[in-house]
Structure formats: structure tokens, C-alpha cells
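Visitor: here is a sequence with its predicted model. Questions after.
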Amino acid sequence: MNVKITNKEKIKILIADDLFQIMAKVLEREEKIDKDKEHMWVVGLAQNLRLIFIELATLGTINMTLAEPMEIFRVALIKGAPRIILVHNHPSGELQPSDADKQVTDRLIQVGKIVGVDVYDHLIITPKSFFSFEEMGLMEILRASMAFIPTYQQVAEAKKEAEKIGAMNHAKEVAKELKRRGLDNQDIADISKYPLEKVKKLRVKIKKN
């Protein structure tokens, strides 16, 4: 369900409090109908962080909300929002995220990577305050999580990383040999593709003609 927002409210969301000031008003309206239920909203942002839309994605129970990826990303994809912020309320007034909140966020981050929509933050709100996953450092931890990455993708990424390391080690050996031959550091970097700063730090014995 689309939430009506004024043109004045379509601001750049630079900090979590910018969005909370808007969502507190939305929550006040919603609580008149379903005061004891958790709501999950999807907030669409443009690339420059300007607010595009607010959509009520799901309506849950007293202590949980169902956040299926299809419901979360549907509007973002239709309206072309490259970034979204998840927002849900805790009727209990408790702001700390539950394990389920973290797992849902983790899963949606990974789905967002697949569909090309960045999950920028997740806010837990009450009428008086909020908790921002991004500002508390949780988003960084969850973005690095591999809990919801398929095994085949983990293997592919591991192989890719190994290839990078192998290529870097090979470049280093080439750079060492060129340095032994007395070539200029910039030429060594250009030929070997080994970073110039690292070339400068290589210590080798120069070959005598």
C-alpha cells in the first residue's frame, strides 16, 4: 500500500533521523488502525538519496512481520529505485533488533545484490525513537555475512579470489626479476602490472652484466 508523502517530504535522507521524522508521522497514522501489529515499510531512494516513495509492504503480528523478498523489492523495481531503506515498528517499544530482524535484513541484502537494489539501511522505530542498523554498524557486518549466499556462489567467489592472489604473486615475481635487471620502477610497474608503490618497496640484488 502506497503511503502518501508531500513534495516537501521528498528530501535527501542524509542521516537516519531525516527519515525518522517522516516515519514517526506515518506510524502515528497507521497505529490508529493496527496499533498492536508490526508494519514493514519499504522506502525508495534515488541514487542521490532523495526520497522517492514509502510503501507499506507487509503487516505482521504483535511481535513479528513477514518480509518476503518479492513484496519488499516489487515496488522498488517497478519504480526504478536503486536504493531502499527498510523500516519496521516494534509495538513493544523495544528498539534493539532481534535475531530474526538481523536474519531478515541479511537475507534481503543478499537478494538486493541479485536484483540490483542496494539495501541502504534498516530502521526499527517507535513513536518516540529509532534504531538504525547503518549508524550502529550492523549493516557493515551483515553485508559481509555469507549466511544467505548460495554454496555455488561462495565457491565461485573463492576461486575468483584465489585467481587474484595467484595473479598478484605472479606479477610480484615478474617485478622482482625486472628489478634485478635494473629497470626503472615505473617501467617495472607498467610491464608487470604490479602496483608502483609495491615495486618501490621490493628489495632485490641487482644483476651485474
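Guide: Noted; the coordinates are in hand. Residues are numbered from 1 along each chain as shown.

Visitor: residues of stretch 43-62 that come out buried?
Guide: Within stretch 43-62, the residues scored as buried using 16 or more other C-beta atoms under 10 Å are 43-45, 51-58, 60. C-beta: built from backbone N, CA, C; applies to glycine.

Visitor: what's the mean pLDDT across that stretch?
Guide: For stretch 43-62, mean pLDDT is 88.

Visitor: ok so, going back, can you redo the buried residues of stretch 43-62 as JSON lines with distance to residue 163 and secondary structure?
Guide: Formatted as JSON lines, the buried residues of stretch 43-62 follow (distance: C-beta to C-beta, whole Å; DSSP: H, G, I helix; E, B strand; the rest coil):
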{"residue": "43", "distance to residue 163": "39", "secondary structure": "strand"}
{"residue": "44", "distance to residue 163": "37", "secondary structure": "strand"}
{"residue": "45", "distance to residue 163": "35", "secondary structure": "strand"}
{"residue": "51", "distance to residue 163": "41", "secondary structure": "strand"}
{"residue": "52", "distance to residue 163": "39", "secondary structure": "strand"}
{"residue": "53", "distance to residue 163": "41", "secondary structure": "strand"}
{"residue": "54", "distance to residue 163": "43", "secondary structure": "strand"}
{"residue": "55", "distance to residue 163": "41", "secondary structure": "strand"}
{"residue": "56", "distance to residue 163": "45", "secondary structure": "strand"}
{"residue": "57", "distance to residue 163": "39", "secondary structure": "strand"}
{"residue": "58", "distance to residue 163": "41", "secondary structure": "strand"}
{"residue": "60", "distance to residue 163": "44", "secondary structure": "coil"}
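
Visitor: would a markdown table of the residues you listed with distance to residue 21 be doable?
Guide: Below are the buried residues of stretch 43-62 laid out as a markdown table (distance: C-beta to C-beta, whole Å):
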| residue | distance to residue 21 |
| --- | --- |
| 43 | 13 |
| 44 | 17 |
| 45 | 16 |
| 51 | 11 |
| 52 | 17 |
| 53 | 17 |
| 54 | 13 |
| 55 | 18 |
| 56 | 18 |
| 57 | 21 |
| 58 | 23 |
| 60 | 24 |
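
Visitor: closest one to residue 83 out of those, please.
Guide: residue 45 (4.2 Å; C-beta to C-beta).

Visitor: and of the buried residues of stretch 43-62, the nearest to residue 111?
Guide: Comparing the buried residues of stretch 43-62 against residue 111 with C-beta to C-beta picks out residue 57 as the nearest, at 13.3 Å.

Visitor: name the residues of the longest helix belonging to the chain that come out as buried.
Guide: The residue-count maximum for a helix in the chain (DSSP state H) belongs to helix 151-180. By neighbour count on 16+ other C-beta under 10 Å, the buried set for helix 151-180 is 171-172, 175-176, 178-179.
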